[in-house]
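Colleague: give the three-dimensional model of this entry:
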Amino acid sequence: MVDHNIHSLWMVGWKPCAYTTITWLPPGKVAFSLKTPVQGKPTVILHHQPRKSSPINLYNCSNQSTSFDNSETNKVYRFGAWLDEHIAGDALLQCERNCHIPTDSTVTRQQQAYSFFCCGVKEFDVGCYDAAANWFHKATVYGDPSSRTGGQYQLWTAQALHAAGKRDTAKNALQKLKYHKDRDVRKASQQLLYILGAPQLKLDASHFIYIATAKVPVTKNREKKVATHPGTYNCVDFVKDNYAFVQKTPEKYSLEWFVQKEPPPHSVSRMNTNLVLTLATTIIVSMLVFFYHS
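Modeller: Numbering: from 1, shown residues only. Predicted coordinates:
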């Protein structure tokens, strides 16, 4: 039994547990693993977020969970699983420089597969999903589909196929990954299948608002004109010399602004005049009464 005074002895953090032998925890029990740094306090990593009530029991996770700490083995938590950082993490930002077809005979098949994968990521980022799916498939073939890396390449392939409109093919690819030998690939594939299997949002013309721009005043070559033919105009129709005509107004509280300012309504000015007269009369009467009594 350990109470919350543990905070004074350990640095306590929380994250999901990747692997654990514990299938069920009684109320108030928390699974944890211990990380001992070279310097500083040890860290107790809680794998099930505890309630604020004290005390709590700590149960150790299996040793496998420590090997999936992303600070030590470059893993990232995606789709409910721990995936490789160079395939699903920030290292993807460096993919563009690795996108080249290796011609050196000393390059391994795994290196070739990663080059193909980076080319697929580059195509995926610009919306060329068919080309990206082809690159990912090629990377899977070179990287061994049954391996952990090959399974992660197939996750990308399924996403590219779904983005390209081939939803059934993408779902079939994820269904096959249900039996992959890597646990994280299996788990991520089922999470992706759940997401991609959500009902598609169907929108028709009634969900959009169209603004008639047939009479939008525009300027062309510094001459004001009005669009003559009817239709729907896009933003590209008003680039370069074509700008919407907006009359410049004077700066607020400037002399021009006061000159152009409309006078107040007549009823308001009359009411203000009556108020001033009433106050003046009241003051005069009060002064007369004061001098009379003095």
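Colleague: any stretches of this structure with poor pLDDT?
Modeller: Filtered on pLDDT under 70, the chain yields the residue ranges 1-73, 90-105, 212-246, 264-271.
Colleague: ok, which stretches of it are strands?
Modeller: With strands called from DSSP state E, the chain shows them at 11-14, 29-35, 43-46, 57-60, 75-78, 81-84, 217-220, 223-226, 243-244.
Colleague: domains of the chain?
Modeller: Following automatic domain parsing, one finds the domains of the chain at 4-70, 74-196, 210-259.
Colleague: now do the second one: distance from first to last residue.
Modeller: In other words, domain 74-196. For domain 74-196, the first-to-last residue distance is 27 Å (CA to CA, to the nearest Å).
Colleague: okay, Tyr114 and Gly150: tell me how far apart.
Modeller: Distance, Tyr114 to Gly150, by CB to CB, to the nearest Å: 11 Å. All C-beta spots, glycine's among them, are computed from the backbone N, C-alpha and C.
Colleague: now do Gln247
Modeller: Counting by CB to CB - Gln247 and Gly150 are separated by 64 Å.
Colleague: among those two, which residue is more densely surrounded?
Modeller: Gly150 (20 against 4; other CB atoms under 10 Å).
Colleague: dump the residue contacts of that one.
Modeller: Gly150 makes contacts with Ala113, Thr140, Gly143, Asp144, as judged by CB atoms under 8 Å, 6 or more residues apart in numbering.
Colleague: excluding chain neighbours, what is closest to the second one?
Modeller: Excluding its sequence neighbours, the residue lying closest to Thr140 (CB to CB, 6 or more residues apart in numbering) is Tyr153, at 4.3 Å.
Colleague: what about the one you found, how many neighbours?
Modeller: Using other CB under 10 Å, Tyr153 is surrounded by 28 other residues.
Colleague: again with the one 5 residues further on
Modeller: The tally of other residues near Ala158 (other CB under 10 Å) stands at 26.
Colleague: surely it meets Gln190?
Modeller: No: counting by CB atoms under 8 Å, Ala158 does not reach Gln190; the two are 11.6 Å apart.
Colleague: find residues that contact each of the two.
Modeller: Common contact partners of Ala158 and Gln190 (CB under 8 Å, 6+ apart): Leu174.
Colleague: any idea how far Ala81 is from Ala132?
Modeller: Distance, Ala81 to Ala132, using CB to CB: 22 Å.
Colleague: same deal with Gln260?
Modeller: According to CB to CB, Gln260 stands 58 Å off from Ala132.
Colleague: when these two are compared, which one has more neighbours?
Modeller: Higher neighbour count among Gln260 and Ala132: Ala132, with 26 against 10, using other CB under 10 Å.
Colleague: show me the contacts for the more buried one.
Modeller: Gly120, Val121, Glu123, Phe124, Trp156, Ala160.
Colleague: relative to Leu288, which of those residues is nearest.
Modeller: Ranked by distance to Leu288 (CB to CB), the contacts of Ala132 are led by Phe124 at 90.8 Å.
Colleague: skipping its backbone neighbours, what lies nearest Gly143 in space?
Modeller: In space, and not counting its chain neighbours, Gly143 is closest to Ala113: 3.4 Å by CB to CB, 6+ apart.
Colleague: gap between that neighbour and Ala158?
Modeller: Here the criterion is CB to CB. By it, Ala113 lies 17 Å from Ala158.
Colleague: wait, Gly197 sits on Lys171?
Modeller: Yes: using CB under 8 Å, Gly197 is in contact with Lys171, at 6.7 Å.
Colleague: of those two, who's got more company?
Modeller: Set Gly197 next to Lys171 and count neighbours by other CB under 10 Å: Lys171 wins out with 17 against 12.
Colleague: need the contact list for the more buried one.
Modeller: The neighbourhood of Lys171, defined by CB under 8 Å, 6+ apart, consists of Ala158, His162, Leu193, Leu196, Gly197.
Colleague: next, format these as TSV and append distance to Ile284.
Modeller: As requested, the contacts of Lys171 are exported to TSV (distance: CB to CB, whole Å):
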residue	distance to Ile284
Ala158	91
His162	86
Leu193	89
Leu196	85
Gly197	86
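Colleague: what is the nearest of those to Glu251?
Modeller: Nearest to Glu251 among these, with distances taken as CB to CB, is His162, at 53.6 Å.
Colleague: where along the stretch 51-200 of the chain do the helices fall?
Modeller: 70-73, 85-88, 95-98, 109-125, 129-142, 148-163, 167-176, 183-196 (DSSP state H, counting those that start in this stretch).
Colleague: could you find the closest non-adjacent residue to Arg186?
Modeller: Leaving aside its sequence neighbours, Arg186 sits nearest to His180 (CB to CB, 6+ apart; 5.2 Å).
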